[in-house]
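# Based on what follows, work out the 3D shape:
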Amino acid sequence: MHTKESLVRDGAGHQLADLYRYMRTAREIDERERVLVARNQAHFHVSGAGHEASACLARHLTGSDWLHLHYRDKALLLTRGLSVQEFFRSLLGRGTAHSAGRQMSAHFSAPDLNVLSLVGPVGNNALQAVGVAAAIKLNTDRPIVVCSLGDGTTQEGEVLEAIAEAVRWQLPVLFLIHDNRFSISTTTRGKTFFNLPTGDATEYYGLPILRIDGSDAQALDAGFEDVVATIRQTRGPKIVVMEMERLSDHTNADDQSQYRCAEEIASGRNVADPVRKLRDVLLLQGSTEPELQDLELTICESVLRAADEAMSESEPVAMFTAKAPLPKELFERQEYRGDHTSPQLTMRESLCQVIRERLKTDPRVFLYGQDIEDPKGDVFGVTRGLSTAFPGRVVNAPLSESTIVGTAIGRALAGQRPVAFIQFADFLPQAFNQIVSELGSMYWRTNGGWQCPVIIMATCGGYKSGLGPFHAQTMDGFAAHVPGIDVVMPSSAADAAGLLNAAFESPRPTLFLYPKSCLNLTDRTASADVVNQFVLPGKARRLMNGTDLTLVTWGSPVAQCEKAATALYESGFTIDLFDLRSIAPWDEDAILKSTQTTGRLVVVHEDNHTAGFGAEVIATVAERASRTVTFRRVARPDTHIPYHYASQLEILPSYKRTLEACADLLACDVVWENSPADPHGQATITAIGSGPSDEMVDLISIAVQVGDGRSEDSSRPTADPAERCFRRRLSPRSHAGTIWNTPH
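Modelled structure (predicted):
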């Protein structure tokens with residue numbers, strides 16, 4: 001545990017002396033780290049030299065305030081209560097360090113001090129800080145959030161979005177910018193929102209920009225006192241720019257003499273060293289040279305002692321999973337998919353009802369996304385009625401996926417249970433920085449110090465008209481590649497309700513992908529008791545039982561696979577059909593056990609062929625199976641999804657392609673022929689609506705009659721393959737049979 005030390009408050013002299021002790025300690029830590037790296041006893045060093053005066057801020061903070069800091073904020077971390085030993089444990093990657101050797105040195109985390117985990121991709125902390133501020137804004141003790149940034153960092157999109165979000169919501173965030181004029185070797189003058197080609201800007205996004213000499217501890221202390229008091233009172237944001245010198249190389253891997261002249265470096269050290277300047281002030285105010293030398297000797301000895309202690313501490317144990325462990329009670333809970341006796345709900349209705357119940361019973365739940373408020377209630381109606389029932393907790397977000405996810409991370413770190421709605425899975429890449437670098441790594445990189453149970457909900461997939469290349473992807477292959485996140489994709493209302501309930505009970509972040517083509521299906525409904533339904537991630541659902549072939553799928557292609565499995569059954573084959581439901585984790589044992597019996601595996605998925613998740617399923621079976629297994633994949637070719645609906649259905653996995661892949665492994669041929677009319681004069685067709693969110697369409701006319709055929713060279717494009725009436729015949733290599741059906 002860290003000690004929550006703070007600067008003494010009784011008398012300016014005592015305050016400055018105490019401040020000097022922390023700043024000088026930070027400088028000594030830098031010097032000792034540099035020596036250890038030079039001796040090859042450590043491997044990475046980031047100096048805070050020149051930035052130590054930010055420690056003045058600590059005197060104005062309370063224990064309920066939050067800090068998301070810059071990697072040069074060593075002195076501020078010390079004043080907050082981080083121990084000297086922790087700096088060396090982190091530097092040496094010891095098992096006793098806050099990250100157990102996972103984070104690079106200078107990337108600290110201290111949950112007991114409300115110090116959030118420092119980010120690697122700089123600027124990611126800004127949106128998280130804003131999310132924390134949104135969660136704590138109404139707290140009665142009026143806490144604030146300090147978001148510390150480098151001058152180069154301020155041009156990251158996440159930072160600019162965060163300031164905009166803080167202004168929109170009027171959130172208690174102090175954006176504290178360390179302006180040393182360099183982003184490694186790149187100069188930043190005239191290249192930031194606060195320093196334009198025309199000179200210093202006076203405001204940004206309506207916020208006045210306050211500039212303070214970052215080498216002058218007294219000036220900073222006075223400035224921070226006013227700024228912090230204003231934020232506490234108004235609950236709105238502020239921007240402070242500390243102008244300072246970087247008195248060292250960027251890191252030990254950098255040599256600033258390559259891009260800065262010797263005179264410039266020497267001048268900065270002579271006139272802008274905050275530690276030396278504060279020492280001079282103390283001498284002017286009555287401290288003696290022997291007193292300061294004794295203090296400095298004591299500091300040096302304590303730093304050396306802390307480094308030696310860290311050197312003797314244990315090495316870390318490698319952690320082979322990035323995921324937080326699930327509570328025991330989740331594993332012990334039985335799967336329940338409803339009783340099927342009460343009124344039936346579609347997937348859309350089930351999801352809405354689960355969220356409604358969670359909002360009702362858990363005040364921590366908060367929904368943020370585009371168009372999720374009433375009267376729209378999401379473009380597919382998933383949140384319809386919720387903002388009316390729970391005002392202020394189901395809120396429309398700006399058009400920025402990174403803002404939606406980044407602030408959700410901050411809310412989760414502050415104790416809320418946020419649900420981030422992304423309108424289409426195709427837009428997940430715009431938030432992938434926060435998903436991959438922050439959400440997926442948070443538990444792992446802090447050795448369990450922080451948990452981030454964000455639920456990201458995104459509709460996905462094709463098989464509906466009105467879509468195109470940016471509204472029809474599933475993105476599950478990308479998502480499954482991210483360590484630390486559960487990824488699920490239900491195909492039915494009961495599985496959707498059960499998996500969403502599990503996500504709300506899980507300490508892990510969950511990416512919840514739900515196929516838009518399944519949202520309003522009336523043949524895959526759930527019973528009304530969705531609040532009790534539960535499906536543990538990582539457990540596949542067996543839809544058919546068989547011994548001839550294992551067929552694995554998830555999401556929209558489940559329907560095509562069921563149809564293919566039924567056709568094969570009618571021809572004498574038995575198919576072991578699985579809906580994975582969960583992509584990460586996935587049910588390796590169930591699929592492996594099945595293929596041990598069948599010796600044949602077909603995997604069908606919507607994502608594109610190369611590096612799709614089907615390859616992972618097949619590779620795992622190939623590695624672990626104790627018998628020879630033959631494989632096939634049915635996936636989208638390595639191309640994009642077209643707007644033209646008939647072309648879309650040709651590209652996406654179909655009943656025809658699935659059946660042919662299965663038949664190939666079963667050593668029989670499939671022949672498609674025109675079929676005669678139904679003797680009863682009836683036919684079932686699928687009507688095409690006007691857009692991807694249609695729930696129901698009225699059939700006005702039919703372009704073909706039952707029994708009509710279509711030549712393959714016809715110039716008239718077929719609106720939907722359901723217009724075609726075909727006969728599928730299995731030629732007997734090993735089995736024989738004739739089934740009337742359609743190829744899609």
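# how about P418, secondary structure?
At P418, secondary structure determined by DSSP: H, G, I helix; E, B strand; the rest coil is strand.
# what separates it from Y645, distance-wise?
Here the criterion is C-beta to C-beta, to the nearest Å. By it, P418 lies 36 Å from Y645. Bear in mind the C-beta positions are built from the backbone N, C-alpha and C, glycine included.
# out of these two, which sits in the busier spot?
Taking neighbours as other C-beta atoms under 10 Å, P418 and Y645 compare with P418 leading, 26 against 20.
# so what's the more buried one bridging to?
F366 (DSSP bridges).
# Restricting to C-alpha, output the longest strand belonging to the chain in PDB.
Longest strand in the chain by number of residues (criterion: DSSP state E): strand 600-608. Taking Å, rounded to 0.1, in the frame of the first residue of the first chain, the C-alpha atoms of strand 600-608 are listed here in PDB:
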ATOM      1  CA  ARG A 600     -14.800 -34.000 -40.800                       C
ATOM      2  CA  LEU A 601     -15.200 -30.300 -40.000                       C
ATOM      3  CA  VAL A 602     -16.800 -27.400 -41.900                       C
ATOM      4  CA  VAL A 603     -16.700 -23.900 -40.500                       C
ATOM      5  CA  VAL A 604     -19.000 -21.200 -41.800                       C
ATOM      6  CA  HIS A 605     -18.600 -17.500 -41.000                       C
ATOM      7  CA  GLU A 606     -19.500 -14.100 -42.500                       C
ATOM      8  CA  ASP A 607     -16.100 -12.500 -42.000                       C
ATOM      9  CA  ASN A 608     -13.700 -12.700 -44.900                       C
END
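# name the helices or strands packed onto that strand?
helix 476-480, strand 549-553, helix 613-624, strand 630-636, helix 655-665 (3 or more C-beta pairs under 8 Å, 6 or more residues apart in numbering; DSSP states H and E).
# Need the winner for burial among the ones you listed.
With neighbours taken as mean count of other C-beta atoms under 10 Å, those reach their highest mean count in strand 549-553, at a mean of 28.
# For that strand, name the packing helices and strands.
The helices and strands touching strand 549-553, judged by 3+ C-beta pairs under 8 Å, 6+ apart, are helix 558-570, strand 575-579, helix 588-598, strand 600-608, helix 655-665.
# closest one to A262 among the ones you listed?
A262 lies closest, by C-beta to C-beta, to one member of the helices and strands packed on strand 549-553: strand 600-608, at 55.1 Å.
# average model confidence for that closest one?
The average pLDDT within strand 600-608 is 97.
# Can you give the distance of that strand from its chain's centre?
26 Å (C-alpha atoms, centre = their mean, to the nearest Å).
# Partner strands of it, with direction?
strand 549-553 (parallel), strand 630-636 (parallel).
# For T202, find the nearest of those.
Closest among the strands paired with strand 600-608, once you apply C-beta to C-beta, is strand 630-636, at 52.2 Å.
# Now the element after that closest one, going C-ward?
helix 645-651 (DSSP states H and E).
# where do the helices sit along the stretch 251-400 of the chain?
Along the stretch 251-400 of the chain, the segments classed as helices by DSSP state H, counting those that start in this stretch run 262-271, 274-284, 289-311, 328-332, 347-361, 386-389.
# out of these, which comes closest to V634?
helix 347-361 (23.4 Å).
# Quick check: which ranges of this structure have low pLDDT?
In the predicted model of the chain, residues 1-14, 674-744 satisfy pLDDT under 70.
# sorry, back to before: I'd like the strands paired with strand 600-608 laid out as a markdown table, including distance to R348.
Listed next are the strands paired with strand 600-608 as a markdown table, based on distance: least, C-beta to C-beta, whole Å:
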| stretch | distance to R348 |
| --- | --- |
| strand 549-553 | 21 |
| strand 630-636 | 25 |
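# Buried residues in stretch 192-212, which are they?
192-195, 204, 207, 209, 211-212 (16 or more other C-beta atoms under 10 Å).
# Which of the residues you listed fall in strands?
Going by DSSP E, the strands hold 195, 204, 207, 209, 211-212 from the buried residues of stretch 192-212.
# Could you tell me the end-to-end distance of stretch 502-521?
Terminal residues of stretch 502-521 are spaced 22 Å apart (C-alpha to C-alpha, to the nearest Å).
# How about stretch 519-533?
Using C-alpha to C-alpha, one end of stretch 519-533 lies 17 Å from the other.
# now swap in stretch 425-436 and tell me
End-to-end distance (C-alpha to C-alpha), stretch 425-436: 15 Å.
# Of the helices and strands packed on strand 600-608, which is nearest L511?
When the helices and strands packed on strand 600-608 are compared by C-beta to C-beta, helix 476-480 sits nearest L511, at 5.1 Å.
# which helices and strands does whatever helix or strand comes next after the closest one pack with?
Once helix 476-480 ends, the next helix or strand along the chain (criterion: DSSP H and E) is strand 486-488. Helices and strands touching strand 486-488, by 3+ C-beta pairs under 8 Å, 6+ apart, are helix 476-480, helix 493-505, strand 510-515, strand 582-584.
# need these in a markdown table with distance to N447, can you?
Shown next, in a markdown table, are the helices and strands packed on strand 486-488 (distance: least, C-beta to C-beta, whole Å):
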| stretch | distance to N447 |
| --- | --- |
| helix 476-480 | 24 |
| helix 493-505 | 23 |
| strand 510-515 | 21 |
| strand 582-584 | 21 |
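# closest to I239 out of these?
I239 lies closest to strand 510-515 among the helices and strands packed on strand 486-488, at 33.5 Å (C-beta to C-beta).
# Helix 347-361 and the closest one, what's the angle between them?
If you take axes from the mean of the first three to the mean of the last three C-alpha atoms, to 10 degrees, strand 510-515 sits at 150 degrees to helix 347-361.
# Just give the strands next to whichever helix or strand comes after strand 510-515 in its sheet, each with its orientation.
Toward the C-terminus, strand 510-515 is succeeded by strand 526-527 as the next helix or strand (DSSP H and E). Sheet pairing of strand 526-527 (DSSP bridges) gives strand 344-345 (antiparallel).
# what's in contact with the partner strand?
For strand 344-345, the surrounding residues in contact (C-beta atoms under 8 Å, 6 or more residues apart in numbering) are 353, 493, 522, 525-528, 530.
# Let me have those residues in CSV, adding neighbour count and distance to A635 as columns.
Below are the contacts of strand 344-345 laid out as CSV (neighbours: other C-beta atoms under 10 Å; distance: C-beta to C-beta, whole Å):
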residue, neighbour count, distance to A635
Q353, 19, 33
A493, 30, 26
T522, 9, 28
T525, 20, 28
A526, 28, 28
S527, 21, 33
A528, 16, 36
V530, 26, 32
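# any chance of these in JSON lines, plus distance to Y22?
Shown next, in JSON lines, are the contacts of strand 344-345 (distance: C-beta to C-beta, whole Å):
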{"residue": "Q353", "distance to Y22": "54"}
{"residue": "A493", "distance to Y22": "58"}
{"residue": "T522", "distance to Y22": "67"}
{"residue": "T525", "distance to Y22": "63"}
{"residue": "A526", "distance to Y22": "59"}
{"residue": "S527", "distance to Y22": "62"}
{"residue": "A528", "distance to Y22": "61"}
{"residue": "V530", "distance to Y22": "55"}
